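Trainee: Following is a predicted model, sequence given first.
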Amino acid sequence: MEKSKVTRYIADKKEDIRASQVLPRINSFTFAERMINVVMGPRRAGKTYFLYDIILNKLKLKDEDFIFIDFEDAIVDDTNINTLLDIVNIHEELYGKKPKYLFFDEIQVIKHWEKAIRTLFETKKYIIFLSGSSAKLLSREIATSLRGRALSYTILPFSFKEFLEVKNYTIKEVYSSSEENKIKKYLREYLKYGGFPNVIMEKKIAGRFFKEYLDLVVFRDVIERHQIKNVFLIKFLIKSILSSFAKEFSIHNIFNILKSQNIKVSKKTLYEYTAYLEEAFFSFFLKKFSYSMKKAELSIPKVFINDVGLVNASPSSFSENMGRSMENIVFLELLRKEENIAYFKTTAKHEVDFVIKKGKKIGWIIQVCYDISDARTRKREIDALLNAGKELRCKNLLIITWDVEAEKKLAGETISFIPLWKWLLGIKK
């Protein structure tokens, strides 16, 4: 690593940050000065710009106050733990003082990065921010190597509320009919194209963006990182997850499909590969609720994806995925709120989409349904909710719909109905 190149990189990076168009994020992120702050999430979800937002808008830092390094930049891609420590000294030579704030993006690229971070942290001179795209890498090494010194935060693609902020739509408490129609139009756009910042800013690139995104997840975050040779199997699992999103996902069924095609693979390998995809924040596996931890862990999970644009960007698939897309968006919103969630099946095998756990009790039971105008659909959703409420001893019953808003007394219980857009924006009435 040439000192002159690093010196120029440090200065150029600050210039790039100040010239960037930064979209502010709505979140409850509060950094800790006496802890290492770790920002995790999917690639392209906006982690880097989230850090830019902290530098430019939240903290309003001067150039001499911080250093920002993206370890996937070619200039610094040969950094090791020793040169990482040298970079901080180079900054002092350049600006006449050590930086108070250290921002290290895609830190997992550096082998044994945790040793250097621990050394810097122990000096008590710096407030440190790290980012990365691998949940397992960071969370595992944070737990084992940073030994309670770090706080982790997950950044997902933009929420609907953030999407509206980008569109310069002013969020209110009361809406006219025309305003409600406009916000529903925006919600349809959000359901189709999702919340990745690049796509929000330029819809026409959606098809190309998602194709390249899938290639990035497959080859960089899974195949290269885990040195996998069976590329076909990873691609097959990705296609299976995308076709099954917001549904139960059975490894046993995947194994049987491959077996029927004379493709030899063990269930252990399938479990490992799906875990790699989850570690890359591509997919999330939601366990079925049970009071028995063992039964919950052994249950067939439902799978959700990090952004509905991955399946909806093509016109042919959007309308048929409407209900599942709504459910996926609700899941991601519950994830942003850090709710403790699971799905549930009643003894009569009726499925409810989400149960929110509050300690040892169930706080809410939620169904998501696009259209409940059909009598059979309405009965199915309501019966599942009522039965689940009875079995789980929970009276907070909610159905999230496209446009129905009401409270109904049924079988002695009160069921609330709320349109998706109002639920996403936190509007109660």
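Mentor: That came in fine, so what should we check first?
Trainee: Would you point out the helix or strand in the protein whose mean pLDDT is lowest?
Mentor: Lowest mean confidence among the helices and strands of the chain (mean pLDDT, DSSP states H and E): helix 315-318, at a mean of 54.
Trainee: in the next helix or strand after it, what counts as buried?
Mentor: Using DSSP states H and E, the helix or strand that directly follows helix 315-318 along the chain is helix 322-336. For helix 322-336, burial by neighbour count (16 or more other C-beta atoms under 10 Å) applies to 322-336. Heads up, the C-betas are built off the backbone N, CA and C, glycines and all.
Trainee: pLDDT averaged over the following helix or strand past helix 322-336 - what is it?
Mentor: Using DSSP H and E, the helix or strand that follows helix 322-336 in sequence is strand 340-345. Mean pLDDT, strand 340-345: 97.
Trainee: Specify the angle between strand 340-345 and helix 322-336 in degrees.
Mentor: Interaxial angle, strand 340-345 versus helix 322-336 (axes from the mean of the first three to the mean of the last three C-alpha atoms, to 10 degrees): 150 degrees.
Trainee: Could you list every helix and strand in contact with strand 340-345?
Mentor: When contacts are defined as 3 or more C-beta pairs under 8 Å, 6 or more residues apart in numbering; DSSP states H and E, strand 340-345 sits against strand 283-286, helix 322-336, strand 351-358.
Trainee: tell me how far it is from the chain's mean position?
Mentor: Distance of strand 340-345 from its chain centroid, counting by C-alpha atoms, centre = their mean, to the nearest Å, is 18 Å.
Trainee: And residue 386, how far from residue 422?
Mentor: 23 Å (C-beta to C-beta, to the nearest Å).
Trainee: Which of these two has more residues huddled nearby?
Mentor: Comparing residue 386 with residue 422 by neighbour count (other C-beta atoms under 10 Å), the higher total belongs to residue 386, at 20 against 17.
Trainee: Once you drop chain neighbours, what's closest to the more buried one?
Mentor: Excluding its sequence neighbours, the residue lying closest to residue 386 (C-beta to C-beta, 6 or more residues apart in numbering) is residue 411, at 5.4 Å.
Trainee: what about that neighbour, how many neighbours?
Mentor: If you count neighbours by other C-beta under 10 Å, residue 411 ends up with 11.
Trainee: Now for the closest residue to residue 249 other than its chain neighbours, which secondary structure element holds it?
Mentor: Once flanking residues are discounted, residue 249 sits nearest to residue 303: 3.9 Å by C-beta to C-beta, 6+ apart. If you go by DSSP H and E, residue 303 is part of strand 302-305.
Trainee: who does that strand pair up with?
Mentor: strand 247-248 (antiparallel), strand 283-286 (antiparallel) (DSSP bridges).
Trainee: what's the last one in contact with?
Mentor: When contacts are defined by C-beta atoms under 8 Å, 6 or more residues apart in numbering, strand 283-286 is touched by residues 241, 249, 274, 277-278, 301-306, 331, 335, 341-343.
Trainee: For it, buried residues please.
Mentor: Neighbour-count burial for strand 283-286 [16+ other C-beta under 10 Å]: 283, 284, 286.
Trainee: how about it as CSV, C-alpha atoms only?
Mentor: C-alpha atoms of strand 283-286 as CSV (Å, rounded to 0.1, in the frame of the first residue of the first chain):
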residue,chain,number,x,y,z
SER,A,283,-33.7,-13.9,2.5
PHE,A,284,-35.3,-14.3,5.9
PHE,A,285,-36.8,-17.4,7.4
LEU,A,286,-39.6,-17.0,9.9
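Trainee: same question for that strand, mean pLDDT?
Mentor: Averaged over strand 283-286, pLDDT sits at 97.
Trainee: from the chain's centre, how far out does it sit?
Mentor: The gap between where strand 283-286 is centred and where its chain is centred comes out at 10 Å by C-alpha atoms, centre = their mean.
Trainee: Quick one: name whatever helix or strand follows it.
Mentor: Going down the chain from strand 283-286, the next helix or strand is helix 293-298, by DSSP H and E.
Trainee: Kindly report the same for the first one.
Mentor: For strand 247-248, the succeeding helix or strand toward the C-terminus, using DSSP H and E, is helix 251-260.
Trainee: For that following helix, which residues meet the burial criterion?
Mentor: Using 16+ other C-beta under 10 Å as the test for burial, helix 251-260 gives 251, 254, 255, 258.
Trainee: With stretch 416-429 instead?
Mentor: 416, 417, 418, 419, 420, 421, 422, 423, 424, 425.
Trainee: model confidence over that stretch, on average?
Mentor: Here the average pLDDT along stretch 416-429 is 91.
Trainee: Point to the residue nearest the middle of this protein.
Mentor: By C-alpha atoms, centre = their mean, the chain has its centre lying nearest to residue 156, at 3.3 Å.
Trainee: now the strands for the stretch 1-150 of the chain?
Mentor: 36-40, 66-70, 101-105, 127-132, 150-154 (DSSP state E, counting those that start in this stretch).
Trainee: Report the strands that pair with the longest one, each with its relative direction.
Mentor: With DSSP bridges as the test, strand 127-132 is paired with strand 36-40 (parallel), strand 101-105 (parallel).
Trainee: related to what we said a few turns ago, and the helices and strands packed on strand 340-345: which comes nearest residue 76?
Mentor: strand 283-286 (30.7 Å; C-beta to C-beta).
Trainee: what's the pLDDT at the residue nearest to residue 386?
Mentor: Note on residue 411: pLDDT of 91.
Trainee: Residue 6 reaches residue 75, doesn't it?
Mentor: Yes - Residue 6 is in contact with residue 75 according to C-beta atoms under 8 Å; the separation is 7.3 Å.
Trainee: neighbour-wise, which of those two wins?
Mentor: Between residue 6 and residue 75, counted using other C-beta under 10 Å, the more crowded position is residue 6 (20 against 17).
Trainee: so where's the stretch 51-200 of the chain uncertain?
Mentor: Scanning the stretch 51-200 of the chain for pLDDT under 70 picks out 134-145.
Trainee: let's see 80
Mentor: For the stretch 51-200 of the chain, applying pLDDT under 80 flags the ranges 77-78, 80-83, 109, 133-148, 173.
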